[in-house]
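Visitor: turn this into a model:
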Amino acid sequence: MANEWELKKLFVDIGKRIWTRGYVAANDGNMTVRLNDKELLTTPTGISKGFMTTDMIIKVDYDGNVISGNPKYRPSSEVKMHIDVYKERPDINAVVHSHPPYCTSFAVAGIPLDKCVLPEAIIVIGSVPIAKYGLPSTDELPDNIRPHIKTSDAILLENHGALTLGTDLLSAYHKMETLEHTAHIVWNAIQLGNLNVLPEEERDRLMNLRDKYNLTGRVAVCDTTPMPSNDTPIVSTGQVNLMNTSKISDDTIRRITESVLSKLNK
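Guide: The predicted structure is shown next:
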């Protein structure tokens with residue numbers, strides 16, 4: 001693992017990346033890195049990730065107590081969630097939490113990104129579940145993500161944002177990029193009226209590549225069930241389905257257009 005100074009510089013760099021890409025607004029988001037079995041580095045609370053400097057990064061223990069850092073700054077209020085990840089996953093050394101607009105939209109809508117759509121996403125993040133809503137900065141968040149972090153390195157947080165895990169900070173950040181990129185493409189495909197889902201045999205071939213190249217981390221197996229026809233309304237219980245895009249007839253579009261034009265011409 002990189003030395004402490006190098007990690008602090010990486011915190012600053014990735015903070016600027018997530019802010020510039022619009023993954024966070026104002027002072028949102030947080031990141032941590034495991035230094036060893038007793039210490040973590042964390043971003044400060046109340047500071048924009050796009051304006052962090054190395055002196056703002058804080059060292060804490062696994063109870064969230066400050067070990068060292070500029071006394072002007074306090075640790076992220078959501079460090080409990082990160083600490084729980086490290087306790088549950090000894091293989092994880094970094095955690096990134098942010099609010100990217102597209103994947104957060106799926107989290108707000110209650111729609112998991114669980115379909116087998118993009119090869120890269122199948123290999124890197126797999127099926128992305130949604131953890132139940134928990135009040136930020138409380139034990140509710142770690143309690144609700146715990147069932148999912150055992151099987152997945154990418155999690156949507158209901159009505160909140162997203163969480164990604166990695167063997168290092170860059171890896172955790174790259175998974176956040178993959179998650180948002182996938183959500184954006186799935187969103188666009190839904191607007192176009194169709195979402196092609198890769199079949200089971202293709203998913204299995206892709207999963208075999210993970211083994212072949214000894215890719216680290218944990219991914220839940222994505223769903224290969226084809227999407228229903230656009231002409232068929234979808235009914236689901238307990239959770240919103242990924243598509244409900246019944247076609248609007250040409251006659252309906254014509255009538256709506258005529259109505260709008262008539263109002264404009266008055």
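
Visitor: shaky segments in the stretch 51-200 of the chain?
Guide: Nowhere does the stretch 51-200 of the chain drop to pLDDT under 70.

Visitor: show me the strands in the stretch 51-200 of the chain, by range?
Guide: Applying DSSP state E, counting those that start in this stretch to the stretch 51-200 of the chain gives strands spanning 58-60, 66-68, 94-98, 130-131, 154-157, 161-166.

Visitor: any chance of those in JSON lines, plus distance to Asp143?
Guide: Where C-beta positions appear, they are placed from N, C-alpha and C, glycine not excepted. Shown next, in JSON lines, are the strands of the stretch 51-200 of the chain (distance: least, Cβ to Cβ, whole Å):
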{"stretch": "strand 58-60", "distance to Asp143": "20"}
{"stretch": "strand 66-68", "distance to Asp143": "24"}
{"stretch": "strand 94-98", "distance to Asp143": "16"}
{"stretch": "strand 130-131", "distance to Asp143": "9"}
{"stretch": "strand 154-157", "distance to Asp143": "12"}
{"stretch": "strand 161-166", "distance to Asp143": "14"}
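
Visitor: surely Leu215 meets Ile125?
Guide: No: counting by Cβ atoms under 8 Å, Leu215 does not reach Ile125; the two are 11.2 Å apart.

Visitor: same drill for those two, tell me which one is more crowded.
Guide: Ile125 (24 against 12; other Cβ atoms under 10 Å).

Visitor: I'd like the distance between the more buried one and Asp114.
Guide: Using Cβ to Cβ, to the nearest Å, we find Ile125 at a distance of 11 Å from Asp114.

Visitor: just Glu202 next, same as before
Guide: The value you get for Glu202 to Asp114, if Cβ to Cβ is used, is 16 Å.

Visitor: which one of these two is surrounded by more residues?
Guide: Taking other Cβ under 10 Å, Glu202 and Asp114 do not tie; Asp114 has more neighbours (18 against 14).

Visitor: got the contact list for that one?
Guide: By Cβ atoms under 8 Å, 6 or more residues apart in numbering, the residues touching Asp114 are 127-129, 220, 222-223.

Visitor: do you know how far it is from Lys9?
Guide: 36 Å.

Visitor: what's the burial count for the closest residue in space to Glu200 that isn't next to it in sequence?
Guide: Distances taken as Cβ to Cβ, 6 or more residues apart in numbering place Thr224 nearest to Glu200, at 4.4 Å, with adjacent residues excluded. By other Cβ under 10 Å, the residues close to Thr224 number 16.

Visitor: in JSON lines, list the strands of the stretch 51-200 of the chain along with mean neighbour count.
Guide: Listed next are the strands of the stretch 51-200 of the chain as JSON lines, based on neighbours: other Cβ atoms under 10 Å:
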{"stretch": "strand 58-60", "mean neighbour count": "21"}
{"stretch": "strand 66-68", "mean neighbour count": "13"}
{"stretch": "strand 94-98", "mean neighbour count": "29"}
{"stretch": "strand 130-131", "mean neighbour count": "24"}
{"stretch": "strand 154-157", "mean neighbour count": "28"}
{"stretch": "strand 161-166", "mean neighbour count": "26"}
